[in-house]
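> The following block contains a protein sequence and its predicted model.
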Amino acid sequence: MTTASERYDVIVIGSGIAGLTFALELADSARVAVLTKRTLADTNTALAQGGFSAVVGDDDQFDLHVQDTLVAGAGVCREDVVRMVVESGPEAVRRLVERGVKLDRNPDGSLQLTREGGHSRRRVTHARDATGCAIQDALTLRVQEHAQIEVFEHHHAVDLITRARSAKGRGIGLPGSREDRVLGVYALDTTTQTVRALAAPVVCLATGGAGRAYVYTSNPKVATGDGVAMAYRAGARIANMEFFQFHPTLLFHPTENSFLISEALRGEGGILRTADGEAFMARYHPLKDLAPRDIVARAIDRELKTRGDESVFLDMTHLPAAFLESHFPTIHARCMSVGIDMRTHPIPVVPGAHYMCGGVQVDMDGRCNLHGLLAIGEVSCTGLHGANRLASNSLLEGAVYAVRAAQAARTLLKETASPPLLDVPSWDAGDARSPDEHVVMNHCWDEIRSLMSNYVGIVRSNLRLRRAERRLELLYGEVREDYWRFLLSADLIELRNLCTVALLIVRSSMIRQESRGLHYSIDYPETDDLNWRHETVLRRPAYE
Ligand code: SIN
């Protein structure tokens, strides 16, 4: 059983904008533990380039931002959620600034706004082309300063501890059932290789996305879908996993292939061209290079497949060199470091996995169907993004839901103060031994990522999905055997989670028999509003 020092009021897993904002909102009234599998700064947030969308411009209105979000979401957004998030935007920006985030300003002191695909107005607040880094640095500092927040770096969450699991065989009910609730989390301390049982009546998942399920991705190495996989195993409802957003423009380079080339470049006039110089987007959409992201990514995919080219090119050479250097210093420097001068040469780009629009299905306050469990940020499915996320709406969503979920956590804490919680059992490693064959695990990683890229990427078909499912089921069986047989390692935990998430993406894609937003199937190329204008939901059938 756990010792008293390992009990908290609230545990939050993940340290991006959602997790850290949530911790800061709660820390004055609760004892908060922040778990992160590497360091506080290793997050998807830190890599965000474009920015944080909010209605702060003189020519903008809430209705316009709502409308743009609904259009991108292709009929499956929850409209009440969209309105709530959009209307909370200006206050969320104010809180970020108050916490020390330095956003770019015009000479008159107003916030500088850029434009991205699908936005009818300039409404993307930013810190040059490294907005996420500015946010991450400021929030990290605030969290480190706070006495009530205990930070556990290098602690890899393994699984949620729930009442059903702890009392397995004692008739308390199935995972996710009415009587079930979350009690804490098992976490592997990767510096000592020991598993700790941390107890809390409220656990908040803020673990980000799962771009590492694909070969080309803008996501950092940590994006392995841990939160979705843990929540699924614990009986939570998982929605809309077929909607995985591919960013149209990642740098194409043999070694630097996960570097994002921000959509803000096209917002400022960048033009996509084929290798022979044709500005091809005019053939695909009236908005050309600023068409919604799914359309641009599919157009590039099609050009690459029909022409047999390895990349297309983003041409910025018609814009003043000084403008490029001052607005996009990070991108300019990274391109120069691999010998590409964007002032004089088009940048070679390919689409890559970027954002998981599906996730743990939650209500307006980040609560899911498992009592005590909250989910915020990319790991959650709130209904804001629907079938396709509007650019720069995700940092906004993370910040807004962090505040609402913190309020939900306060309410949960009041409710759980009186009845004693079940004891939390310590981790039992059984007869597990050290893994002897790393080659097997490495091969599994490669196999999952390559089959997801080839069969479950931008364009899908029944045949590809069936084959992907068969292979993933086989791999999952093997990974589960390893999970029970070998001592835990970060690699093994991530592999198990990635495999689970890949299967969820495939199964959700198989359910949706139409094309909509980010899900395009050559077997069902039309959108079918009569039958499919709703979320797809998956739930683990029974205890494994
Ligand atoms: C970008 O900078 O292009 C990414 C913005 C986003 O995905 O929201």
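Received it, and whenever you're ready, just let me know what you need.

> can we go C-alpha only for contacts and neighbour counts from here?
Fine.

> Can you name the residue of the stretch 351-500 of the chain nearest to the ligand?
residue 392 (3.3 Å; Cα to the nearest ligand atom).

> which residues does that residue contact?
Residues near residue 392 by Cα atoms under 8 Å, 6 or more residues apart in numbering: 50, 51, 52, 53, 116, 124.

> Was I right to think residue 85 contacts residue 397?
Yes. Residue 85 lies in contact with residue 397 (Cα atoms under 8 Å); the separation is 6.6 Å.

> Looking at the two, which has the bigger crowd around it?
More neighbours surround residue 397 than the other of residue 85 and residue 397, with 28 against 24 (other Cα atoms under 10 Å).

> which residues touch the more buried one?
85, 377, 384.

> Return every residue with contacts to both of residue 85 and residue 397.
In contact with both residue 85 and residue 397: residue 384, using Cα under 8 Å, 6+ apart.

> Next SSE downstream of the helix or strand of the chain with the lowest mean pLDDT?
When the helices and strands of the chain are compared on mean pLDDT, DSSP states H and E, helix 163-166 comes out lowest with a mean of 84. Next in sequence after helix 163-166, counting helices and strands by DSSP states H and E, comes strand 182-189.

> Identify the residue of the stretch 51-200 of the chain closest to the ligand, quick one.
At 6.2 Å from the ligand, residue 51 is the closest residue in the stretch 51-200 of the chain, using Cα to the nearest ligand atom.

> List the residues that contact that residue.
124, 125, 126, 127, 129, 131, 132, 392, 395.

> Contact partners for residue 128?
49, 103, 104, 326, 327, 328, 329.

> Give the PyMOL command for selecting the buried subset of the residues you listed.
Selection of the buried residues among the contacts of residue 128 in PyMOL, burial being defined by 16 or more other Cα atoms under 10 Å:
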select buried, resi 49+103+104+327+328
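
> Keep the contacts of residue 128, but drop any that are not near the ligand.
residue 49 (Cα under 6 Å from any ligand atom).

> In helices, which of the contacts of residue 128 appear?
Among those, the members falling in helices (DSSP state H) are 326, 327, 329.

> Next, the contact list for the second one, please.
Residue 327 makes contact with 128, 129 under the criterion Cα under 8 Å, 6+ apart.

> quick one: secondary structure of the residue nearest to residue 186 when sequence neighbours are not counted?
Closest residue in space to residue 186, ignoring its immediate chain neighbours: residue 197 at 4.6 Å, by Cα to Cα, 6 or more residues apart in numbering. Under DSSP: H, G, I helix; E, B strand; the rest coil, residue 197 falls in the strand class.

> Does residue 197 touch residue 189 like I think?
No. Applying Cα under 8 Å as the test, residue 197 and residue 189 come out as separate, 10.6 Å apart.

> which intervals of the stretch 51-200 of the chain have sub-threshold pLDDT?
167-176 (pLDDT under 70).

> how about the strands in it?
52-53, 113-114, 124-125, 149-152, 155-162, 182-189, 194-199 (DSSP state E, counting those that start in this stretch).

> Out of the ones you listed, indicate the one that is most buried.
strand 52-53 (a mean of 28; mean count of other Cα atoms under 10 Å).

> Pairing partners for that strand, with directions?
strand 124-125 (antiparallel) (DSSP bridges).

> so how far is the partner strand off the chain centroid?
19 Å (Cα atoms, centre = their mean, to the nearest Å).

> which residues make contact with that strand from outside it?
50-54, 103-104, 111-116, 392.

> Please identify which of the contacts of residue 392 is nearest to residue 162.
When the contacts of residue 392 are compared for distance to residue 162 (Cα to Cα), residue 52 wins out at 35.2 Å.

> show me the contacts for the closest one.
For residue 52, the contact set (Cα under 8 Å, 6+ apart) comprises 124, 125, 126, 131, 392, 393, 394, 395, 396.

> Can you check the pLDDT for the fifth one?
Yep, that's residue 392 we're talking about. pLDDT for residue 392: 96.

> Is residue 499 within a helix or a strand, and which one?
Under the assignment here (DSSP H and E), residue 499 is part of helix 490-511.

> quick one, that helix and strand 182-189 angle?
Per axes from the mean of the first three to the mean of the last three Cα atoms, to 10 degrees, the angle that helix 490-511 makes with strand 182-189 is 130 degrees.

> and helix 490-511, average pLDDT?
pLDDT averaged over helix 490-511 gives 97.

> cool, stretch 468-475 as well?
97.

> and if you look at stretch 293-307?
pLDDT averaged over stretch 293-307 gives 94.

> Export it to CSV, keeping only CA atoms.
Extracted C-alpha coordinates of stretch 293-307, given in CSV (Å, rounded to 0.1, in the frame of the first residue of the first chain):
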residue,chain,number,x,y,z
ARG,A,293,-5.4,21.9,-44.0
ASP,A,294,-7.0,18.6,-45.0
ILE,A,295,-7.4,19.8,-48.5
VAL,A,296,-3.9,21.1,-48.8
ALA,A,297,-2.4,17.9,-47.3
ARG,A,298,-4.5,15.7,-49.7
ALA,A,299,-3.5,17.8,-52.7
ILE,A,300,0.2,17.4,-51.9
ASP,A,301,-0.3,13.7,-51.3
ARG,A,302,-1.9,13.4,-54.7
GLU,A,303,0.8,15.5,-56.5
LEU,A,304,3.5,13.3,-54.9
LYS,A,305,1.8,10.1,-55.8
THR,A,306,1.0,11.0,-59.4
ARG,A,307,4.3,12.7,-60.2
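
> for that stretch, the distance to its chain's centre please.
With Cα atoms, centre = their mean, you get 23 Å for stretch 293-307.

> and it, is it in reach of the ligand?
No. Legend: contact between stretch 293-307 and the ligand by Cα under 6 Å from any ligand atom is lacking; minimum distance shown is 9.1 Å.

> list the buried ones in that stretch?
293, 294, 295, 296, 297, 298, 299, 300, 301, 303, 304.

> Just the closest of these to residue 537, please.
Distances from residue 537 to the buried residues of stretch 293-307, taken by Cα to Cα, are shortest for residue 294, at 21.9 Å.

> which other residues reach stretch 29-45?
By Cα under 8 Å, 6+ apart, stretch 29-45 touches 8-17, 19-20, 23, 26, 132-133, 135-137, 140, 148-157, 208, 219-220, 222-223, 395.

> Okay, residue 343 and the ligand: tell me how far apart.
19 Å (Cα to the nearest ligand atom, to the nearest Å).

> ugh, wrong one, I meant residue 33
Residue 33 is 28 Å from the ligand, by Cα to the nearest ligand atom.

> hmm, stretch 263-271 in reach of the ligand?
Yes. In terms of Cα under 6 Å from any ligand atom, part of stretch 263-271 sits within range of the ligand, namely 263, 264.

> So for that stretch, first residue to last residue, what's the gap.
11 Å (Cα to Cα, to the nearest Å).

> quick one: residue 319 is in a helix?
No. Applying three-state DSSP, one finds residue 319 to be coil, outside a helix.

> so residue 209 touches residue 224, yeah?
Yes. With contact defined as Cα under 8 Å, residue 209 reaches residue 224; the gap is 6.7 Å.

> between these two, who's got more neighbours?
residue 209 (30 against 27).

> what's the spacing between the more buried one and residue 245?
Residue 209 is 11 Å from residue 245, by Cα to Cα.

> Could you do residue 500 as well?
18 Å.

> These two: who's more crowded?
It is residue 245, of residue 500 and residue 245, that has more neighbours when counted by other Cα under 10 Å, with 26 against 23.
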